[in-house]
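Enquirer: whatever this is, show me its structure:
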Amino acid sequence: MQHNHISSQFDAQLEQVRTKVLFMGGAVEDQLSMAVQALQEGEMYLIERVLDVEHQVNALEMEIDGLCTNIIARRTPTAIDLRVLTMVVKTITDLERIGDEAKKIALIAREFFRTGRAHMPRYPEIQRMSMIVIDMLRQALDGFARLDAEAAPAIARRDEEVDDSFRAVLRSLLTYMIEDPRTISATLDIMFIAKALERAGDHAKNISEYVVYMIKGRDVRHLSAEEIEQAIKS
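Expert: Numbers count the residues shown, from 1 in each chain. Model (predicted):
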């Protein structure tokens, strides 16, 4: 009976951690969506909301990290439970960094509209990149919630798509600056936004890879989408 009681407590603690990670993930997804919307529309309340959520995300990272440390110290988990807790710590780090990238985008958007540079073209490729990255994050979090690694190869392929889009944005922006040097400052800001989205995509991909490790015990970092697919099937 005592063993069952301890096991039940442990399961409850793991569920608490999982729930908080998903809550944090939802907050980061909202943060990124609001940042991109603020860039498009210049709504200052969205920018301020992104900055407010940043504090919430940082607090959640510290809280979840503390919970995981406490569980590992007191319960000495093994096998898949230890893998899950270890990957949770990595997951919340990547989520916090996505939040940082969202904050960067929001701050640049604020400067655009404060300094009258809102006439700068928003570049359809930036919008496309943001939609892909947000979808990658959503799929990665869904895989975490269901402990399902099936989406990992597709997320890896979408990350390659984001990288291609990033390079296309750089090429178009370089051309823009050459044609009109007066736009260099604003164009560099657009480059920073594209880089923030590219990094956010990398972090979303990382999260999907952690899910593979949780389930399969296979480290699939630096593998191609096809190799990740084989690792999931084996």
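Enquirer: near Ser224, how many other residues are there?
Expert: If you count neighbours by other C-beta atoms under 10 Å, Ser224 ends up with 13. To be clear about C-beta, it is placed using only N, CA and C from the backbone, and glycine gets the same treatment.
Enquirer: give me every residue that touches it.
Expert: Contact analysis of Ser224 by C-beta atoms under 8 Å, 6 or more residues apart in numbering lists Ala156.
Enquirer: can we see that at 7 Å?
Expert: Ser224 makes contact with no residue under the criterion C-beta atoms under 7 Å, 6 or more residues apart in numbering.
Enquirer: ok, it to Ser172 distance?
Expert: Between Ser224 and Ser172 the computed distance is 27 Å (C-beta to C-beta, to the nearest Å).
Enquirer: mind listing residues that contact stretch 214-221?
Expert: Under C-beta under 7 Å, 6+ apart, the answer for stretch 214-221 is 80, 83-84, 87, 147, 149, 209, 212-213, 228, 231-232.
Enquirer: could you rerun that using 10 Å?
Expert: Stretch 214-221 has contacts (C-beta atoms under 10 Å, 6 or more residues apart in numbering) with 79-81, 83-88, 91, 143-144, 147-150, 152-153, 156, 205-206, 208-213, 227-234.
Enquirer: what's the burial count for Leu107?
Expert: Using other C-beta under 10 Å: Leu107 sits among 17 other residues.
Enquirer: so for it, what's the pLDDT?
Expert: The confidence metric pLDDT takes the value 93 at Leu107.
Enquirer: low pLDDT regions in the chain?
Expert: Low-confidence segments of the chain (pLDDT under 70): 1-6, 116-123.
Enquirer: select the longest helix from it.
Expert: Longest helix in the chain, counting residues (DSSP state H): helix 2-41.
Enquirer: residue contacts, the closest residue to Glu29 other than its chain neighbours?
Expert: What sits nearest to Glu29 in space, not counting adjacent residues and going by C-beta to C-beta, 6 or more residues apart in numbering, is Leu137, at 5.5 Å. Neighbour list for Leu137: 25-26, 28-29, 32-33, 94-95, 98, 155, 200-201, 203-205, 207-208 [criterion: C-beta under 10 Å, 6+ apart].
Enquirer: next one: Gly99
Expert: Contacts of Gly99 by C-beta under 10 Å, 6+ apart are 24, 27-32, 35, 50, 53-58, 60-61, 200, 203.
Enquirer: what's the answer for Ala231, then?
Expert: Counting by C-beta under 10 Å, 6+ apart, Ala231 touches 149, 152-153, 209, 212-213, 216-220, 223.
Enquirer: which secondary structure state does Val220 sit in?
Expert: At Val220 the chain is in coil, as set by DSSP: H, G, I helix; E, B strand; the rest coil.
Enquirer: how close does it get to Ser234?
Expert: 11 Å.
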